[in-house]
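*Asks:* No sequence on hand, only this structure:
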């Protein structure tokens with residue numbers, strides 16, 4: 001059984017290396033596809049799910065989550081109210097109120113975004129031979145057997161150079177972009193899972209791609225199978 005989760009700082013451009021590794025070992029690789037699957041389940045445009053990485057305010061998130069849960073409840077008796085969203089409970093858990101209809105229905109197994117993402121990632125785990133990039137997979141599968149949790153990182157100077165070369169940005173623009181996206185990824189894991197994305201305890205191996213790259217990196221990855 002071979003299941004890998006991958007976390008990475010921004011500006012490393014690991015996609016080609018990971019895809020080559022997956023192809024060589026006949027593994028499937030998932031990243032954006034996870035969002036598409038969750039979007040289907042909650043009947044929301046995938047762009048709304050993607051926005052979770054770019055929300056700068058808690059209020060924006062609350063609005064999104066209310067809309068998401070309401071879309072799941074449209075065919076039921078559940079109604080999410082604004083006052084309930086503002087209740088002083090721990091993010092992102094809150095309890096929707098109910099709107100009574102002629103036929104009372106009790107909604108069971110209502111799932112939040114994290115519940116849905118957890119199910120999608122667990123389904124992939126059971127299929128085996130997969131590489132799952134991001135989306136909190138290192139937390140969701142933290143205690144699952146036969147999973148290798150990887151994090152890729154490098155110095156800010158190295159990443160600035162990579163972004164300048166790949167995104168055609170000047171040095172200041174590259175640094176700002178790195179800091180912005182790194183913050184979004186940190187916030188995502190913190191908000192949804194209450195973890196620090198760079199916590200050593202989440203990973204089996206943290207790789208500095210500034211020092212270990214090319215054939216040496218491929219060899220290191222291959223040794224983990």
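*Replies:* Nice, thanks for sending it over. These numbers were taken from a predicted model, which means no experiment stands behind them. Numbers count the residues shown, from 1 in each chain.
*Asks:* Distance check, the closest residue to residue 152 other than its chain neighbours against residue 138.
*Replies:* In space, and not counting its chain neighbours, residue 152 is closest to residue 8: 4.1 Å by CB to CB, 6 or more residues apart in numbering. (Glycine included, C-beta is placed from N, CA and C.) The gap separating residue 8 from residue 138 is 11 Å, by CB to CB, to the nearest Å.
*Asks:* Which residues are in contact with each of the two?
*Replies:* Contact with both residue 8 and residue 138 is made by residues residue 151, according to CB atoms under 8 Å, 6 or more residues apart in numbering.
*Asks:* between the two, who's got more neighbours?
*Replies:* Per other CB atoms under 10 Å, whichever of residue 8 and residue 138 has more neighbours is residue 138, with 26 against 21.
*Asks:* quick one, what contacts the more buried one?
*Replies:* Going by CB under 8 Å, 6+ apart, residue 138 touches 5, 7, 149, 151, 202, 203.
*Asks:* Just give the number of residues close to residue 190.
*Replies:* With other CB under 10 Å as criterion, residue 190 counts 12.
*Asks:* Buried ones only from the contacts of residue 138, please, as a PyMOL command.
*Replies:* Selecting only the buried entries of the contacts of residue 138 in PyMOL, with 16 or more other CB atoms under 10 Å as the criterion:
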select buried, resi 5+7+149+151+202+203
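*Asks:* so after the helix ranked longest in the chain, what's the next helix or strand?
*Replies:* When the chain is parsed with DSSP state H, its longest helix is helix 171-193. For helix 171-193, the following helix or strand on the C-terminal side (DSSP states H and E) is strand 205-208.
*Asks:* quick one: average pLDDT of the next helix or strand after that following strand?
*Replies:* Next along the chain after strand 205-208, taking DSSP H and E as the criterion, comes helix 214-222. Per-residue pLDDT over helix 214-222 has a mean of 91.
*Asks:* what comes up buried for helix 214-222?
*Replies:* Buried residues in helix 214-222, counted by 16+ other CB under 10 Å: 217, 221.
*Asks:* Which strands or helices does it pack on?
*Replies:* Applying 3 or more CB pairs under 8 Å, 6 or more residues apart in numbering; DSSP states H and E, we find helix 214-222 packed against helix 15-24.
*Asks:* Mind giving me the packing neighbours of the helix it packs on?
*Replies:* With contacts taken as 3+ CB pairs under 8 Å, 6+ apart, helix 15-24 sits against strand 28-30, strand 130-133, helix 214-222.
*Asks:* Name the next helix or strand following the second one along the chain.
*Replies:* This points to strand 130-133. Counting by DSSP H and E, the next helix or strand C-terminal to strand 130-133 is helix 137-140.
*Asks:* what is the mean pLDDT for the longest helix of the chain?
*Replies:* On average, the pLDDT along helix 171-193 is 91.
*Asks:* what helices or strands is that helix leaning on?
*Replies:* helix 113-127, helix 137-140, helix 156-167.
*Asks:* domains of this structure?
*Replies:* Per automatic domain parsing, the structural domains of the chain span 3-37+113-222, 41-98.
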